[in-house]
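A.B. asks: Structural data only, the sequence is not supplied:
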């Protein structure tokens, strides 16, 4: 009897687990932070390099267009910059990359803008592969992962529009037409571009990218049709299950990616003699290329105890972090330590975009309670800075149709903040 009861409990827990991962997009706040963090990182990077864009990725780059074309023909990577060597085309691609990063950051039609963001990141980075560093590699991977997540469920214009439409439906009013039309029009345009790129063999030589893009485009079309014509059907529920499974699986991949980054970095450091004797941090502090604040770097480099503590602490945190994921308190402590470490790298070594990318990646492990609290504080600060004033609805005079205006003591209309 006890064995039967135990088996039933296991089956019940398994059923609850399967139901949860299929019916719910887990980590909605974490995925929103990842979306905002990586899109903001790349947006600020593109804005900073705007005066130098031609030398980095454009017609004046040392890695010339014909050289890039020869390399890409061998590694089969994707970049729309190989579709034409025109300066106008380069400007269009750079502008689309900028705009898509900004739109993804605010969460406007997140699924479509995430595809555009991925295309912009891959196009620019694959055009000049020797321009990147570790942070660019992380952005490269996360741009691909983001298209599979439901990262616009919270803290986005999509979430605000969905809430507004839900209120309108509850009140029996019509939903705004513009919000319903912009999405389909955007996907139709993207579909036309996808067809032309597929016919002209402009998607690179890999099989996964065309498959992913066609899967997203067809799936979005099916999603729109189900929401439009059968919002409460089993087909609509099945599409929701697929979207939740893809989202949750991608979050697991992102977590594994972050753990792999820190594990490999930590274990490689252990093998280095400078990390073993505690002096590794001293040397980059003495390189002119990595000292935006020479005075501050000199102060830190002159303190041998602090150099040793930070050197050993870096290795310990990176090696230990993957093993602390099942202990919430220890994990949160190490998470704060890693974020402070990257903030120090941005300040002392002059690598702000690398640090922003890594902090955004670390955010996948932030507690939901903290993110909800942080969102509440941000909303409260926004309301204090930009108070919304709404007029109190006017009362009716009995059965008469004329509205009776309300007045405050000073003769003005009564308003609430």
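C.D. replies: Great, that's in hand. Remember, it's a predicted structure, so these values are computed and weren't measured experimentally. Numbering: from 1, shown residues only.
A.B. asks: what residue ranges in the protein score low on pLDDT?
C.D. replies: Low-confidence segments of the chain (pLDDT under 70): 1-11, 173-179, 388-417.
A.B. asks: May I ask you to name the longest helix in it?
C.D. replies: Counting by DSSP state H, the longest helix found in the chain is helix 234-270.
A.B. asks: List of residues touching the following helix or strand past that one?
C.D. replies: Next along the chain after helix 234-270, taking DSSP states H and E as the criterion, comes helix 273-276. Residues from elsewhere that reach helix 273-276 (CB atoms under 8 Å, 6 or more residues apart in numbering): 269, 270, 280, 283, 311, 315. Placement of C-beta: from N, CA and C, glycine included.
A.B. asks: which stretch of helix or strand covers the last one?
C.D. replies: When elements are defined using DSSP H and E, residue 315 is found to belong to helix 304-320.
A.B. asks: returning to that earlier point: pull the most distant pair out of the contacts of helix 273-276.
C.D. replies: 270 and 283 (17.2 Å; CB to CB).
A.B. asks: Count the residues that sit near residue 195.
C.D. replies: Neighbour count for residue 195, taken as other CB atoms under 10 Å: 12.
A.B. asks: which stretches of the stretch 51-200 of the chain form helices?
C.D. replies: Secondary structure of the stretch 51-200 of the chain (DSSP state H, counting those that start in this stretch): helices located at 53-56, 65-75, 87-106, 110-127, 134-146, 157-170, 177-199.
A.B. asks: which one of those helices is the most hemmed in?
C.D. replies: Across the helices of the stretch 51-200 of the chain, averaging neighbours per residue (mean count of other CB atoms under 10 Å) puts helix 110-127 on top, at a mean of 24.
A.B. asks: and that helix, what other elements does it pack with?
C.D. replies: Judged by 3 or more CB pairs under 8 Å, 6 or more residues apart in numbering; DSSP states H and E, helix 110-127 is in contact with helix 28-48, helix 87-106, helix 134-146, helix 177-199, helix 208-229.
A.B. asks: Minimum distance to residue 153: which of those has it?
C.D. replies: Nearest to residue 153 among the helices and strands packed on helix 110-127 is helix 28-48 (4.5 Å), distances taken as CB to CB.
A.B. asks: Mind listing what's buried along that closest one?
C.D. replies: Residues 28-43, 45-46 are the ones in helix 28-48 that count as buried (16 or more other CB atoms under 10 Å).
A.B. asks: again with stretch 263-278
C.D. replies: 263, 266, 269, 275, 278.
A.B. asks: swap in stretch 252-263?
C.D. replies: For stretch 252-263, by 16+ other CB under 10 Å, it's 254, 255, 258, 261, 262, 263.
A.B. asks: Residue 21 against residue 242, yeah?
C.D. replies: No: Residue 21 is beyond contact range of residue 242, at 11.9 Å (criterion: CB atoms under 8 Å).
A.B. asks: Could you pull up the residues touching residue 193?
C.D. replies: By CB under 8 Å, 6+ apart, residue 193 lies in contact with nothing.
A.B. asks: Now with 10 Å, please.
C.D. replies: 80, 116, 119, 202, 213 (CB atoms under 10 Å, 6 or more residues apart in numbering).
A.B. asks: The first one: neighbouring residues, count only.
C.D. replies: Neighbours of residue 80 under the rule other CB under 10 Å: 24.
A.B. asks: Now it: closest residue in space, sequence neighbours ignored.
C.D. replies: The spatially closest residue to residue 80, leaving aside those adjacent along the chain, is residue 123, at 4.6 Å (CB to CB, 6 or more residues apart in numbering).
A.B. asks: what sits against the one you found?
C.D. replies: Contacts of residue 123 by CB under 10 Å, 6+ apart are 57, 77-83, 90, 93-94, 96-97.
A.B. asks: make it 6 Å
C.D. replies: 79, 80, 81, 93 (CB atoms under 6 Å, 6 or more residues apart in numbering).
A.B. asks: Kindly provide the distance from the spatially closest residue to residue 47 that is not a sequence neighbour to residue 228.
C.D. replies: Spatial nearest neighbour of residue 47, excluding adjacent residues (CB to CB, 6+ apart): residue 98 at 7.3 Å. Separation of residue 98 from residue 228 (CB to CB, to the nearest Å): 32 Å.
A.B. asks: Distance check, the nearest residue to residue 100 once chain neighbours are set aside against residue 189.
C.D. replies: Closest residue to residue 100 apart from its sequence neighbours, by CB to CB, 6+ apart: residue 116 at 3.7 Å. Distance of residue 116 to residue 189, given as CB to CB: 10 Å.
A.B. asks: circling back: looking at the helices of the stretch 51-200 of the chain, spot the one closest to residue 233.
C.D. replies: Nearest of these (CB to CB): helix 157-170, 17.2 Å.
A.B. asks: sec struct for residue 25, please.
C.D. replies: Taking DSSP: H, G, I helix; E, B strand; the rest coil as the rule, one finds residue 25 in the coil state.
A.B. asks: Ramachandran coordinates for it?
C.D. replies: The phi/psi pair for residue 25 (degrees, to the nearest 10) reads phi -90, psi 100.
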